[in-house]
Structures are given as C-alpha cells and as structure tokens.
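[1] Structure for this input, please:
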Amino acid sequence: MANITPLNVEEFAKAQKARGLCNKTVCGYVIILRAGLNFGLKHSLLRNNPVRATNLKFLKDRTPQLDEQPLDLSAVERAASVLTDAYEKSFLFSGADRR
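    Below you'll find the predicted structure:
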C-alpha cells in the first residue's frame, strides 16, 4: 500500500478507460481506492494519500455514454395497444419489474 504512487493511480485509471469503462465508473473505482488509502492514513500506515496528487482531468466528463438509440415512441404505443389490462400497461410505462 505504501508503494502506490500518483502515477500508479493515473495508470490504473487509464487502464480502466482502455477496457472501455465510462468515466463515471472509473471515478467510482478511484473513489473506492482513495477511501482505502484514507483508511491507511487514519491508521498511520501511510504518510500521504497518492490519489490526492493524481491528475485525473481526463475523467472530467462524466456524462453517460449511451450506445443505444433513443426509444421510438411509436414502438411503445404499438406494444401498449396489445395490452388489455391497465395493470400490464402500468408496468410497461413504469419500467417496473414484475418479479
């Protein structure tokens, strides 16, 4: 734990991006890492937290990257037209899971 450097953290984040993860997910991983290293600071296992000195500006844009096409309203209306029960329609439009 004491051997982790800011460069290691940056390389870890870049490797996660190379795996295809979105910025928000990689930031979540870094937050978890930072929390673990803060634990080390609190218990005198570390002198500093290398995440604090890391340059992660390349993760600044955290908007989700959607590969899906927008929902076609006419397709939803066609699906709703075959449902006869108001209960079933409420599930279609709410996105709730019937399990």
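[2] Report the contact partners of Ala75.
    Applying CB atoms under 8 Å, 6 or more residues apart in numbering, we find Ala75 in contact with no residue. No exception for glycine: its C-beta is placed from N, CA and C like everyone else's.
[3] Just the mean pLDDT for the host helix or strand of it, thanks.
    Taking DSSP states H and E as the definition, Ala75 sits inside helix 73-81. Here helix 73-81 scores 77 as its mean pLDDT.
[4] what's the answer for stretch 28-44, then?
    Mean predicted lDDT for stretch 28-44 stands at 92.
[5] Please save the CA atoms from that stretch in PDB.
    C-alpha atoms of stretch 28-44 as PDB (Å, rounded to 0.1, in the frame of the first residue of the first chain):
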ATOM      1  CA  GLY A  28     -16.100   5.400  -8.700                       C
ATOM      2  CA  TYR A  29     -13.100   3.000  -8.700                       C
ATOM      3  CA  VAL A  30     -10.800   5.800  -7.800                       C
ATOM      4  CA  ILE A  31     -13.100   6.900  -5.000                       C
ATOM      5  CA  ILE A  32     -13.000   3.400  -3.500                       C
ATOM      6  CA  LEU A  33      -9.200   3.400  -3.800                       C
ATOM      7  CA  ARG A  34      -9.000   6.800  -2.200                       C
ATOM      8  CA  ALA A  35     -11.200   5.600   0.700                       C
ATOM      9  CA  GLY A  36      -8.900   2.600   1.200                       C
ATOM     10  CA  LEU A  37      -5.900   4.800   1.200                       C
ATOM     11  CA  ASN A  38      -7.500   7.200   3.600                       C
ATOM     12  CA  PHE A  39      -8.000   4.300   6.000                       C
ATOM     13  CA  GLY A  40      -4.300   3.700   5.700                       C
ATOM     14  CA  LEU A  41      -3.600   7.300   6.600                       C
ATOM     15  CA  LYS A  42      -6.000   7.200   9.600                       C
ATOM     16  CA  HIS A  43      -4.200   4.200  11.000                       C
ATOM     17  CA  SER A  44      -0.700   5.500  10.400                       C
END
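[6] Before I go, just wanted to say thanks for your time.
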